[in-house]
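*Asks:* Task: produce atomic coordinates for the following.
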Amino acid sequence: MSEWKSLSERTVYENRWVNVVMADVELPDGRHLDHTVIRLRPVAVAAVVNSADEVLLLWRHRFITGAWGWELPSGGIGEGEDPAAAAARELEEETGWRPGAMRLLMAVDPMPGISTSHHRVYWSESAEYVGQPEDDFESARREWVPLARIPELIDRGEIRSANAVAALLMLHRLRLS
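*Replies:* Reported below is the predicted structural model:
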């Protein structure tokens, strides 16, 4: 099978968070099409599972979709920043908990047909509460949720973020199966 080839790109919009381009793409049969590409910084995602098999989640509202739901702490990886350190930083900033040693759980590309957004999910089996989160405005609350409830919460639409669904189902399998 042949590959699609990007022959050229022109920037439509850019700021420090996103770069939107139109790519001139040649299909394997020789036809051309304009294809939108959204380039984003890589994202670090953090999960902590405690000895009671509970995971620390954020309950937050996303104005873009108009939905409330549970999410894992996450954020952009800074230029030259170690992804595991970025995940630990995001966890502490958004929850007030400092994780123990972080290890890679998975890497996912939530929308590979249109976006370069690459998410690296790290997890730890311990965390220490260090105080009120610096970025407490990012969520209405932070709670330790039993991993056993994850499938039910996904079924009810309370976990909708692709990186959280993938990571939490993986942790559910690793810890409870």
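
*Asks:* For the rest of this, base every contact and every neighbour count on C-alpha atoms.
*Replies:* Noted.

*Asks:* any chance you could map the strands in the chain?
*Replies:* 5-14, 18-26, 32-40, 43-48, 54-62, 67-71, 74-76, 97-99, 103-108, 119-124, 127-129, 141-146 (DSSP state E).

*Asks:* okay, now residue 66: neighbour count?
*Replies:* 7 (other Cα atoms under 10 Å).

*Asks:* That one and residue 160: what is the separation?
*Replies:* Per Cα to Cα, to the nearest Å, residue 66 is found 12 Å from residue 160.

*Asks:* Is residue 103 in contact with residue 84, as I believe?
*Replies:* Yes - shown here, residue 103 and residue 84 form a contact pair, counting by Cα atoms under 8 Å, at 7.2 Å.

*Asks:* Need the overlap of contacts for these two.
*Replies:* Residues touching both residue 103 and residue 84 by Cα atoms under 8 Å, 6 or more residues apart in numbering: residue 122.

*Asks:* of these two, who's got more company?
*Replies:* More neighbours surround residue 84 than the other of residue 103 and residue 84, with 21 against 15 (other Cα under 10 Å).

*Asks:* Tell me how far the more buried one lies from residue 152.
*Replies:* Going from residue 84 to residue 152 by Cα to Cα gives 29 Å.

*Asks:* Where does pLDDT dip in the chain?
*Replies:* 1 (pLDDT under 70).
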